[in-house]
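*Asks:* 3D model of this:
(2 chains)
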Amino acid sequence: MAAYVVRRLFWSIPVLVALLLAVFLLMQAIPGGPFDFAGERSLPEAVIANLERRYGLDKPLHEQFANYLKSIVLEGDLGPSFRQRNRSVNDIIGDSFPISAQLGILAIGLALLIGIPAGIVAALNHNRLPDYVASFLAILGVSIPALVLGPVLYWLFALKLGWLPVALWGAEKPFFLGFLPMPTAKFIRHAILPTVALGTGMSASIARLTRASLLQVIREDYIRTARAKGLRERAVVVRHALKNSLIPVVTVLGPMFAAVVTGTIVIESVFGIPGMGKYFVQGISNRDYPVIMGVTLIYAVILVLSNLLVDITYAWLDPRIRYS
Amino acid sequence: MAVQQLDVQQVFAERAQRRQRSPFAEAFSQLIRNRVAAAAGVFIILLIVMAISADLIAPYGFDETHFADNYTLPGDAYPLGADYLGRDILSRTIYGARVSLSVAFIAAGVSLFVGLVYGIVAGYAGGWVDNIMMRVVDFLYGLPVLIVVILMQVYFKAVSRRAEITGVLKTLVDIDNSLGGLFFVFVALGLLNWIGMARIARGQVLSLKEREFVEAARAIGVTTPRVLFRHLLPNILGPCIVSETLAIPGYIMTEAFLSYIGLGANPPTPSWGIMINEGFQGIRSYPHIILVPAAALTLTVLAFNFLGDGLRDAFDPRMRT
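*Replies:* Got it, this is the predicted structure:
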């Protein structure tokens, strides 16, 4: 197991370096330097040359990449923003990441809270009414993209009914451990709509997976054995079937992080939440390339590490799985 | 004696008849029996017909602006209303089906083709060839697909804004512009999504290549490419098509997502993602604008999900519920 973790960690290094290199090369390949301001705000050439020397942009490419790697790995420095000139990419991410993390965690929590029980109910009532209802709602849920559900909820509950706030996020710094907010009424009111908009699709896919997996497990021989030795149905389901059926559910947590990433990008721009996703979309329309690249890099690291974590959890949950 | 001969003939006749029902025919009849999946299939066929004949059906062109009529509510002139430039929403939604469907089928086609060829070759070759090919897949598998797609789109969008590009890049950008900004979406989606398919195809080939029918084919001197694509391919195609169909909703949603955030189709291309974005800008006063493209996107994804589920049940009897 330890060997497997080490090997996986080792394999994620080339992936991350390749991503860093891709981000760096794209930054280079995208025409226009950070100090090309058009029109009357354009700078004299000497000033640009000085600025480029200041940021090391006059050095050869491989040296620049080495410095870029070094500054990211050692200092975590993602460079200056082109458009918000008094802020660095680090400032922007430092302010916005905790908010995105809060939203993502709430949505995943909601997804597990609804998805797993719904999947269990459907599987235990296989081919009866609760199964049909749950399965239909689940396929509906996976089919509504966040960019549809977000605006619909926004229009209905924030604009039309006015029950919940239309924009912004209800938590302020300082956060516990850097990202945990005070659960104030304001925070909850602001969090409800974005969490539901983001969590619905995920809870639906978890419900589908839990159902399918539980249906398969329940036909296994060891379940028959458990029943044959006279265990109560409840014990059979909870202790024997459920534990094993949740293993595939863990594996979708990896792809689910990817869904959270796309989801937060859309949901944050719909609900005006000052998280990373909103700055990402803003960066695209402002062509603020360092912000785009910095945020992309953070997303990539989160995705690579979460996939790794999922694979490790998988092996830990099912003793039959032995990575060699 | 005579009776026995009759029996043997009957057995052979029955066997021949059973053989005629190929796995595909079996799966197809299962699919038809599943009414919801069949309805989803019909819906998708209608959508395809609508997309192909958009020029005939749509009352207006997708980029036909009537500035005096902007934000018109649904009525006689515009059945589903007009958007902020006075463009007919119904017409744009009809043309938008072209975008979503072409993304769905091209991404699925590329992924299926590349993945199948790669997976079959790796699985059949075995040994060090397989080893190297699978290490490449492992590496690519570690890449977060969405992030790579976003990075590529950022790059392509930045490049296509520049006038002075030359050579191959210029040709690509020209193709992209003529396709309303969708070419690079196809490229980005097709480039990485074959990996899962390659893994499935390889696994299938590994489990089949030691079977007698492959050995028999080789024994009578069938060439390797013929063994691969005439004997192995038909046997692994079913599960591969199923998993590709299940991937289609993801392609459609990714295109809509990219277009929504400004990294997909270029306006005025009527991508449903762009229309949702434009509709959201005016949602406070004119909520009808966002409604139609949002419904179209959801229904299309829903239909592909139902069809994919139905196909999976039809091809894989163990999953049948």
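
*Asks:* For the stretch 201-321 of chain B, what lies in contact range of chain A?
*Replies:* Taking Cβ under 8 Å from any Cβ of the partner chain as the contact definition, the stretch 201-321 of chain B meets chain A at B:249, B:253-254, B:256-257, B:260-263, B:273, B:276, B:279-280, B:283-284, B:287, B:290, B:294, B:297-298, B:301-302, B:305-306, B:309, B:319, B:321. Every residue, glycine included, has its C-beta placed from N, CA and C.

*Asks:* Please convert the buried members of the residues you listed into PyMOL selection syntax.
*Replies:* Selection of the buried residues among these in PyMOL, burial being defined by 16 or more other Cβ atoms under 10 Å in any protein chain shown:
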select buried, chain B and resi 249+253+254+256+257+260+261+262+263+273+276+279+280+283+287+290+294+297+298+301+302+305+306+309
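
*Asks:* Just give the nearest non-adjacent residue to residue 281, would you?
*Replies:* Answering for chain A, as no chain was given. residue A:269 (4.6 Å; Cβ to Cβ, 6 or more residues apart in numbering or on different chains).

*Asks:* Actually, chain B is the one I wanted.
*Replies:* residue B:84 (7.3 Å).

*Asks:* and if you look at residue B:40?
*Replies:* Using Cβ to Cβ, 6+ apart, the nearest residue to residue B:40 is residue B:306, at 3.6 Å.

*Asks:* Against which helices or strands is the helix or strand harbouring that neighbour packed?
*Replies:* Per DSSP states H and E: residue B:306 is located in helix B:288-315. For helix B:288-315, the elements it packs on are helix A:129-143, helix A:146-153, helix B:23-33, helix B:35-52, helix B:89-125, helix B:233-260, helix B:272-281, judged by 3 or more Cβ pairs under 8 Å, 6 or more residues apart in numbering or on different chains; DSSP states H and E.

*Asks:* The second one vs helix B:272-281, what angle?
*Replies:* Here helix A:146-153 runs at an angle of 20 degrees relative to helix B:272-281 (axes from the mean of the first three to the mean of the last three Cα atoms, to 10 degrees).

*Asks:* Show me what helix A:146-153 is in contact with.
*Replies:* A:193-194, A:196-198, A:200-201, A:262-263, A:266-267, A:270-271, B:256-257, B:260, B:273, B:276, B:279-280, B:283, B:290, B:294, B:297-298 (Cβ atoms under 8 Å, 6 or more residues apart in numbering or on different chains).

*Asks:* same thing but 7 Å
*Replies:* A:193, A:196-198, A:200-201, A:263, A:266-267, A:270, B:256-257, B:260, B:273, B:276, B:280, B:283, B:290, B:294, B:297-298 (Cβ atoms under 7 Å, 6 or more residues apart in numbering or on different chains).

*Asks:* rewinding a little: run the chain-centre distance for the helix holding residue B:306.
*Replies:* 13 Å (Cα atoms, centre = their mean, to the nearest Å).

*Asks:* Low-confidence bits of the stretch 1-150 of chain A, can you list those?
*Replies:* A:1, A:30-41, A:54-57, A:82-83, A:85 (pLDDT under 70).

*Asks:* where do the helices sit along it?
*Replies:* A:2-29, A:45-54, A:61-70, A:89-124, A:129-143, A:146-153 (DSSP state H, counting those that start in this stretch).

*Asks:* Between helix B:288-315 and the next helix or strand after the last one, find me the angle.
*Replies:* Once the chain leaves helix A:146-153, the next helix or strand it forms, by DSSP H and E, is helix A:185-217. With the same axes, to 10 degrees applied, the angle from helix A:185-217 to helix B:288-315 works out at 20 degrees.

*Asks:* which residues sit in contact with residue B:130?
*Replies:* B:122-123.

*Asks:* Can you tell me the element it falls in?
*Replies:* Counting by DSSP H and E, residue B:130 is part of helix B:127-142.

*Asks:* how about that helix: buried residues?
*Replies:* B:130, B:133-134, B:137, B:140-142.

*Asks:* what's the helix or strand following that helix in contact with?
*Replies:* Later in the chain than helix B:127-142, the nearest helix or strand by DSSP H and E is helix B:145-160. Here helix B:145-160 makes contact (Cβ under 7 Å, 6+ apart) with A:22-23, A:26, A:29-31, A:258, A:261-262, A:292, A:296, A:299-300, A:303, B:165, B:169, B:173, B:176-177, B:184, B:188-189, B:192-193, B:254, B:258, B:263.

*Asks:* now could you export just the CA positions of helix B:145-160 as CSV?
*Replies:* The C-alpha coordinates for helix B:145-160 follow below in CSV (Å, rounded to 0.1, in the frame of the first residue of the first chain):
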residue,chain,number,x,y,z
VAL,B,145,-9.4,16.8,-19.3
LEU,B,146,-11.4,19.9,-18.5
ILE,B,147,-8.4,21.9,-17.6
VAL,B,148,-6.5,20.9,-20.8
VAL,B,149,-9.6,21.8,-22.9
ILE,B,150,-9.8,25.2,-21.2
LEU,B,151,-6.1,25.9,-21.7
MET,B,152,-6.3,24.9,-25.3
GLN,B,153,-9.4,27.1,-25.8
VAL,B,154,-7.7,30.1,-24.1
TYR,B,155,-4.8,29.7,-26.4
PHE,B,156,-6.8,29.2,-29.6
LYS,B,157,-9.0,32.2,-28.8
ALA,B,158,-6.0,34.4,-28.1
VAL,B,159,-4.3,33.3,-31.3
SER,B,160,-7.4,33.7,-33.5
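
*Asks:* so who does the residue of the stretch 201-321 of chain B found nearest chain A touch?
*Replies:* Using Cβ to the nearest Cβ, residue B:302 is the residue of the stretch 201-321 of chain B that sits closest to chain A, at 3.9 Å. Residue B:302 sits next to A:140, A:143 when contact means Cβ under 7 Å, 6+ apart.

*Asks:* swap in residue B:232?
*Replies:* Residue B:232 sits in contact with B:120, B:205, B:208-209, B:214, where contact means Cβ under 7 Å, 6+ apart.

*Asks:* Please list the members of the residues you listed that lie in strands.
*Replies:* When DSSP state E is applied, these are split such that none fall in strands.

*Asks:* need the residues you listed in TSV with pLDDT, can you?
*Replies:* Output for these, formatted as TSV (pLDDT from 0 to 100):
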residue	pLDDT
B:120	91
B:205	88
B:208	86
B:209	82
B:214	86
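
*Asks:* out of those residues, which are inside helices?
*Replies:* B:120, B:205, B:208, B:214 (DSSP state H).

*Asks:* Can I get those residues in CSV including neighbour count?
*Replies:* Below are those laid out as CSV (neighbours: other Cβ atoms under 10 Å in any protein chain shown):
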residue, neighbour count
B:120, 22
B:205, 25
B:208, 16
B:214, 19
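
*Asks:* Spatially, which pair of those is furthest apart? Let me know, please.
*Replies:* The distance between the two most remote of the ones in helices among the contacts of residue B:232 (Cβ to Cβ) is 12.0 Å, for B:120 and B:214.

*Asks:* Nothing else from me, thank you.
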